[in-house]
Structure formats: C-alpha cells, structure tokens
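>>> this one's sequence-less:
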C-alpha cells in the first residue's frame, strides 16, 4: 500500500465523526483549501485536519485531483469527512454523461478514465437512463476506479409515464446495497427539468425530494432537482422545491434565450438566470449541470432568437466565456458555482459533445479547475 494512502485512511478513520459536509449553505472559499496541498507523506499529519465544514483539505478529500485513494478495506465506516468542502467545487468540475446507451462496464471505465485523466474532472453528472439491472453498480465501479464523484439521476423522461417511480426505487435500493455507493455519489438528482416539463406539480416534487432525503439520510447523500430557472419561474417560483433541495443544480442553456446571439455575448444571459437563483436560493451551493451551447440545430434544438448562432466556434466560445469568468463564479454565495460541460460526446447528444461522433475533440478543451 502507498504510505500516503495509508495516512489518508488513518486520517479519515481517526477524525471525530460528528460533522457532515453538506451541500446546502456551503462555506465561502478558503484559499488554503483551493490550493493543492503537497502530496508528501511527511506533510500528511499537518495537512490532514478537518476544516470548519468537516472536510479535509485537498488533496486528502474526495474527489480532489491527486486524491490518494485508500484500499476498499481501509475505507472509513461512513462518508463523514470524506468529501471536499463544497467551497472548493467551483470552476470546471466535469461532464454530463448520457447513459441511454447502457454502456458496458468496460466502456464506462475507459471513458471515466478519460474524463478524469485527460480533462482533470472531479465529477460526472448522469443524464438519461439505463434500466439494465445492476447498471448503477457499474457506474459506481467505474467512478471508484477513476476517483470520480457522481451526480446520480432519477430520470423522468419525456413520455409522461410513471416509469420514474421504479427508477427511483431501483436507484435508492442500489445506493443502500452497494457499500461503495455512498463514497462516490455526491448528490441524487430528480430530473431532467421536471418542472419545465410539467412532470409533477411543484408541491409533489418537493415532497419527493423530502422523502428521498429521509431515505438517504443514513448515507449522507444529499438530494436536488436538475432544472431551468424558467421551470421554477413558470410555477410561481416553486419556492417549496428550492427550500427542499440541498443544492441548486441549474440548467444553464443561454442559446435558447430570446435575446441570444453569439456565445461570447452570453455572460449577461448567464448572470440573469444565476441572479434569480441567488435571490431565491437561500445561499445554497450551486452547480451548472446541464450547461452548454450547441454546435448544430435539429428539430428538438431550435433557438428562440433569430440571432442565435449554433456552430463549433460558438460551442467552444461558451466554455471559454465561463473559464474567463472563473473568479466571478468562485465569488457566488454558497461556495461558488461549479460547472459541468454538457455533454461528453456527440454520440450522446448530437451537437453538444466535446467529442464529435468519430471520437475526435471538436476544439481544445482545458478549462480551469480553480482560480
């Protein structure tokens, strides 16, 4: 066993297990946690001390870059003090990753490795659904092998059916049954856009969130809803949902704004939706999870502005824009805004991928993970 991994295991196991690392009301950024600690065994005892949030500093918290992952048999009894402080989870955090294709475990491991090693991702945010028995165990295994956290998803779909109920029950059962699940599942989402798609009345959605939080309380897995600002706004604000969720997972898709043009001009559009969540979110941690700009249009991807441009330079330009505003996103209440790139590949959602359908990068992509 690597000496550093052993020291981290002992630190995780030996700390007083009294503080969780909540997503709600995350602490403001701490410079000493943003900067990676020297990964030397001689400094482990000095650095492996819990912050006020209950988190160890990077790289001794999961899924920090450079995290010295302990062997499974030396994992602590629970995930208290396991996760990084939410205040360090700003800037680029990872990719949305569609699972409708029911990827094999081998493919998940391979692509999660690329997501982690090539792009310095800390998370994958699941999109779509695979109803193959045991699929989430494959997700957990691939994420663990590659030191990635997971934003899991209960997928409603677009057909108005109640299949989401069985998906909910299956996923909740998997989270309890798989002993590694609580060490890679950062949050459970209801989505995608259940308010905008009018899947459930907002009071029933808030109730589902509350019930899921109770179900997962022993695992310290928070619960949220993956939604557009407009989805809340057209339901009178749906403040009951905002009050129920642990973090605010935002769909940021400025291409569809009525005043959209080119992606380099999109920052005011981002600010507009972000400000709405700041005003109504009670200081909770925020992520842009379904977040991107399409490179092509299609029957289901049409702009609401005649000036909106969908092409590869504008898709690239949107991520450049977010990277340029790293400091602005870092300063947002709740511990800053972390953002995902939607989506990993055009094979998952045409036009939105960082990779094209042939597996080649559409443009250089190396956004900052801290600033």
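Thanks, I have the structure now. It should be emphasised that the depicted structure is a prediction, and the values quoted were computed from it without experimental measurement. Numbering: from 1, shown residues only.
>>> ranges for the strands of the stretch 251-371 of the chain?
Under the criterion DSSP state E, counting those that start in this stretch, the stretch 251-371 of the chain contains strands at 286-291, 337-341.
>>> quick one, which of those is nearest to residue 145?
Shortest distance between residue 145 and those, using CB to CB, is found for strand 337-341: 20.4 Å. For glycine as for every other residue, the C-beta is placed from the backbone atoms N, C-alpha and C.
>>> Each with direction, which strands does that closest one pair with?
strand 91-98 (parallel), strand 286-291 (parallel) (DSSP bridges).
>>> so which of those is the most packed in?
strand 286-291 (a mean of 28; mean count of other CB atoms under 10 Å).
>>> show me the contacts for residue 79.
Residues near residue 79 by CB atoms under 8 Å, 6 or more residues apart in numbering: 182-183, 219-220.
>>> ok, now how distant is it from residue 178?
13 Å (CB to CB, to the nearest Å).
>>> what's the burial count for residue 308?
23 (other CB atoms under 10 Å).
>>> List the contacts of the residue lying closest to it once chain neighbours are set aside.
Distance criterion CB to CB, 6 or more residues apart in numbering; nearest residue to residue 308, sequence neighbours excluded, is residue 260 at 4.0 Å. Residues in contact with residue 260 (CB under 8 Å, 6+ apart) are 254, 266, 269, 303-305, 307-308.
>>> Any quick ChimeraX command for the buried ones out of those?
In ChimeraX, this line selects whichever of these come out buried by 16 or more other CB atoms under 10 Å:
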select :254,266,269,303,308
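>>> could I get the contacts of residue 260 as JSON lines with pLDDT and distance to residue 114?
As requested, the contacts of residue 260 are arranged in JSON lines below (pLDDT from 0 to 100; distance: CB to CB, whole Å):
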{"residue": "254", "pLDDT": "98", "distance to residue 114": "27"}
{"residue": "266", "pLDDT": "98", "distance to residue 114": "27"}
{"residue": "269", "pLDDT": "98", "distance to residue 114": "30"}
{"residue": "303", "pLDDT": "97", "distance to residue 114": "31"}
{"residue": "304", "pLDDT": "97", "distance to residue 114": "34"}
{"residue": "305", "pLDDT": "98", "distance to residue 114": "34"}
{"residue": "307", "pLDDT": "98", "distance to residue 114": "35"}
{"residue": "308", "pLDDT": "98", "distance to residue 114": "30"}
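>>> ok but residue 225 is inside a helix, no?
No: per DSSP: H, G, I helix; E, B strand; the rest coil, residue 225 lies outside any helix segment and is strand.
>>> Return the distance of it relative to residue 187.
10 Å.
>>> what touches both of those two?
Common neighbours of residue 225 and residue 187 (CB under 8 Å, 6+ apart) are residue 249.
>>> sorry, back to before: using TSV, lay out the strands paired with strand 337-341 together with mean pLDDT.
As requested, the strands paired with strand 337-341 are exported to TSV (pLDDT from 0 to 100):
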stretch	mean pLDDT
strand 91-98	98
strand 286-291	97
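>>> Let me know which of these is the nearest to residue 350.
Of the strands paired with strand 337-341, nearest to residue 350 by CB to CB is strand 91-98, at 11.0 Å.
>>> Distance from that closest one to the middle of the chain?
How far strand 91-98 lies from its chain's middle: 6 Å, per CA atoms, centre = their mean, to the nearest Å.
>>> got it, and stretch 247-256?
Centre to centre, stretch against its chain (CA atoms, centre = their mean), the figure for stretch 247-256 is 12 Å.
>>> show me where the stretch 251-371 of the chain has helices.
Assigned by DSSP state H, counting those that start in this stretch, the stretch 251-371 of the chain shows helices spanning 267-280, 312-324, 326-330.
>>> and if you look at the stretch 1-150 of the chain?
3-14, 31-34, 44-47, 105-117, 135-145.
>>> Could you export the strands paired with strand 337-341 as JSON lines, including distance to residue 63?
Formatted as JSON lines, these follow (distance: least, CB to CB, whole Å):
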{"stretch": "strand 91-98", "distance to residue 63": "9"}
{"stretch": "strand 286-291", "distance to residue 63": "14"}
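>>> what's the closest of the ones you listed to residue 356?
Taking these one by one with CB to CB, strand 91-98 is closest: 14.9 Å.
>>> now the angle from the closest one to helix 312-324?
140 degrees (axes from the mean of the first three to the mean of the last three CA atoms, to 10 degrees).
>>> Can you tell me what sits against strand 91-98?
Residues contacting strand 91-98 (CB under 8 Å, 6+ apart): 111, 115, 119-128, 148, 287, 289-292, 322-323, 326, 329-330, 336, 338-344, 348-349, 354, 367-371.
>>> Now the buried members of these.
Buried members of the contacts of strand 91-98, counted by 16+ other CB under 10 Å: 111, 115, 119-128, 148, 287, 289-292, 322-323, 326, 329-330, 336, 338-344, 348-349, 354, 367, 369-370.
>>> So what pairs up with residue 83 in the strands?
The partner residues for residue 83, given DSSP bridges, come to residue 62.
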